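Engineer: Sharing a sequence plus its predicted fold:
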Amino acid sequence: MLFQFDSAIQAGIDSGMYEVVRNTVTGQLLGIVRSKETGRFVTQAIGVTTKAAGLTIEPLIAPVQFVMGGLQMVQTHKGFQKTYKMLGDLQTSVGVLQATTAVIGVGTVAGVALSAVNLHQTLKLRQDVKQLRLEVKDGFIDLKQALKDQGSEIIQRIDKVAQDVEFKHHRTILVQAYGLFAKAIARLQLALTLQDLNLRNSEINGARDMLFKALADYDNSYLLEATCSAGQLRRQECVWAIEQAITTSYQLQGAYEVVCDRLSHLQHRISQDALTVIERCESQQELDFLFPEITRIHDHDLVVLESWQNHIDWIQMSSSERQLWASSDIPTVEISDSYEVSDVVAKPEEQLLYENVKQKSHYLSLRAQLKFLLKPALRSTHESYISQQATTSGYQALAPSNWQDIPDLTVANLYWYFKAKNELETATASSSPK
């Protein structure tokens, strides 16, 4: 991730007057600037972009304010205002993501239904909720109104899901869990306004207990097992958002060691949960839904959580730096949310990337590429298989000595090429007359 600064500050960085602070252990940039001469902090970032493409960070679940959230909470006079908005954004995310399950349902789902609530459509729904054009009620949205331009087939799908007995059971649990979650968020926001420290901590503790109870319902393994891969992803996304709210509650109390442990666990969990969802994917249509969304989570949400953890690490390492930051009179700036700038949500880059890659691969190869993104170590078995098969088949040029520069697309395609070749040869040999 790269931080963006005001042009005058960037000029000072370029000239050597200022420096961007780093986490001395990880070497990661922290998005704050200090004077080289005085050592005092000057300002913080006004924007963040991805390293790979220089695109503005737009997480699906984690509010982008978490990039600086760790530091701003130390400046309690400013941080609590920002935290109030973060909590509201988490609630919006859960409401929108949960609402889309009214189209996805529980069992198998047609591609047209998934396309109606894919990454692009979900970002637009979130924007409509933020702009108060749609209302989240009991954790759901009037999707018939929101998706009326999607065609009669989608409306019929919504009606069909609504009548499904199993989904009705799920919906009842989700409505209750969302209600508890919303009350917990409101209680946390109220706690931020309290001046009495004991009373504030008491309210935070009570809100956190409510969040854990809501989390247990969303994370019910029995209900998740009965859900298709797309529905499971949306449920897990709600779980990850609530986990962030719980982590925020600990940070509000200065429990930085707990926050660090929880952030590390959450990043690992997101990757593992996403891999489980991919394993459950059973069709090209489901993969069309999953690929862009999981790519967004990997490239944006996990990046934000990593940045949050880097800030917490830095806060823990030096009490003198923490005290200096807390006492610094730094102008309040907003990390920009590009999706809030305009009512028009452009087709996500992840969607465009997938459409391009899909033309060059097939279902099994695409699934493998998505797994590699989340767990690069999985590539090694594919590389070994390709090398073995290429040597046996006399295609030594397809077994490079250095795999580092070979893209996931090529590795997955070659792997499934040799797999199909072997299966065809085996089938031919078994059907040949003895």
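Structural biologist: Sure thing, it's come through.

Engineer: quick one: low-confidence parts of the chain?
Structural biologist: Filtered on pLDDT under 70, the chain yields the residue ranges 51-54, 69-79, 331-344, 430-434.

Engineer: need the longest helix for it.
Structural biologist: helix 165-191 (DSSP state H).

Engineer: in it, what's buried?
Structural biologist: Buried residues in helix 165-191, counting neighbours by 16 or more other Cβ atoms under 10 Å, are found at 167, 170-171, 174, 177-178, 180-182, 184-185, 187-189, 191. C-beta coordinates here come from the backbone N, C-alpha and C atoms, glycine included.

Engineer: what do you get for stretch 221-241?
Structural biologist: Buried-residue list, stretch 221-241, by 16+ other Cβ under 10 Å: 223-224, 227-241.

Engineer: Sitting in helices, which of the residues you listed do you find?
Structural biologist: 223-224, 229-241.

Engineer: Out of those, which is nearest to Q131?
Structural biologist: Distances from Q131 to these, taken as Cβ to Cβ, are shortest for A241 (20.0 Å).

Engineer: for this structure, what's the longest strand?
Structural biologist: When the chain is parsed with DSSP state E, its longest strand is strand 29-35.

Engineer: Can you name the residues in contact with the helix or strand following that strand?
Structural biologist: Using DSSP states H and E, the next helix or strand after strand 29-35 towards the C-terminus is strand 41-44. The contact list for strand 41-44 (Cβ atoms under 8 Å, 6 or more residues apart in numbering) reads 5-6, 9, 12, 18, 21, 31-35, 68, 71, 324-325, 328, 330-331, 333.

Engineer: List only buried entries from these.
Structural biologist: So, by 16+ other Cβ under 10 Å, the buried ones in the contacts of strand 41-44 are 5, 9, 12, 18, 21, 31-34, 68, 71, 325, 328, 330.

Engineer: Could you pick out which of those residues are located in strands?
Structural biologist: Residues of those located in strands (DSSP E): 18, 21, 31-34.

Engineer: Max pairwise distance over the residues you listed: which two?
Structural biologist: Greatest spatial distance among these (Cβ to Cβ): Y18 and G31, at 12.9 Å.

Engineer: Identify the contacts common to these two.
Structural biologist: Listed contacts common to Y18 and G31 are nil; contacts here mean Cβ under 8 Å, 6+ apart.

Engineer: Quick one: residues contacting V277.
Structural biologist: 229, 232-233, 236, 290, 294.

Engineer: helix or strand for it, which one?
Structural biologist: Per DSSP H and E: helix 256-280 holds V277.

Engineer: Could you list the buried residues of that helix?
Structural biologist: Using 16+ other Cβ under 10 Å as the test for burial, helix 256-280 gives 256, 258-260, 262-263, 266-267, 270-271, 273-275, 277-278, 280.
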